[in-house]
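Q: just need the structure, nothing else, for what follows:
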Amino acid sequence: MGKYYLYNGKQVGFVRKAIDEVVLVEEGWISEVQNHFGKKTHDQLLAIPATILKNGGFPPVSRAQSWIILLEVLNKGVPEALRDVDVDEKIGKGTLLKDMAKAPLRIAAATIDTTAAATGAVVGAAASAVSSTAETTLDVAEGAVDIVEDVVEDVSDAVFDEETVDGEGSE
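A: Now for the predicted structure:
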């Protein structure tokens, strides 16, 4: 038979299930996990806060300190991000292990997406720079052509204008 817990971690009776959102946990599940740690070791569990603190630059902690840290963190109830009202009250509907198996794939996909986005941004910036440079070069070239046309026109007028050459018009 299962036990019902509120999301804040408090155990409640069957009647409360009809009133509040609860989490159903089989008594056998708790016994199995306790037996696992009793027969083997708690070190895998205790390594979690120890590793987090080490990565955060904190000094090493003892096994008892790690245990108390876990108690403090876990004794706050179920975080909103972990709640699934449609699944939490049922047996056999959970997907935790399946979700954990997908985690490395999600990380890889996110990395690929980020890399692709960054590459796209770099390519886009490079294309924009090339386009901008090309436009600037074209503008300069068009300006140079205008200047050359003006000079040619001025020289042409000066050479072929007879009044400019001899001061008189000829007929």
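Q: can you map out the helices along the chain?
A: 14-19, 27-39, 43-55, 63-74, 85-88, 96-160, 162-166 (DSSP state H).
Q: got any ranges where the protein has weak pLDDT?
A: Along the chain, the model assigns pLDDT under 70 to residues 92-111, 114-171.
Q: let me see the domain layout of it.
A: Per automatic domain parsing, the domain ranges recorded for the chain read 2-94, 95-171.
Q: ok, residue 16 - contacts?
A: 4, 6, 22 (C-beta atoms under 8 Å, 6 or more residues apart in numbering). Every residue, glycine included, has its C-beta placed from N, CA and C.
Q: is it true that the second one touches residue 20?
A: This means residue 6. Yes. Look at residue 6 against residue 20 with C-beta atoms under 8 Å: they come within range, at 5.8 Å.
Q: who's more crowded, those two?
A: Each of residue 6 and residue 20 has its neighbours counted (other C-beta atoms under 10 Å); residue 6 has more, 16 against 12.
Q: I'd like the distance between that one and residue 67.
A: From residue 6 across to residue 67, the span is 24 Å (C-beta to C-beta, to the nearest Å).
Q: same thing with residue 35?
A: Counting by C-beta to C-beta, the gap from residue 35 to residue 67 is 18 Å.
Q: neighbour-wise, which of the two wins?
A: residue 67 (15 against 10).
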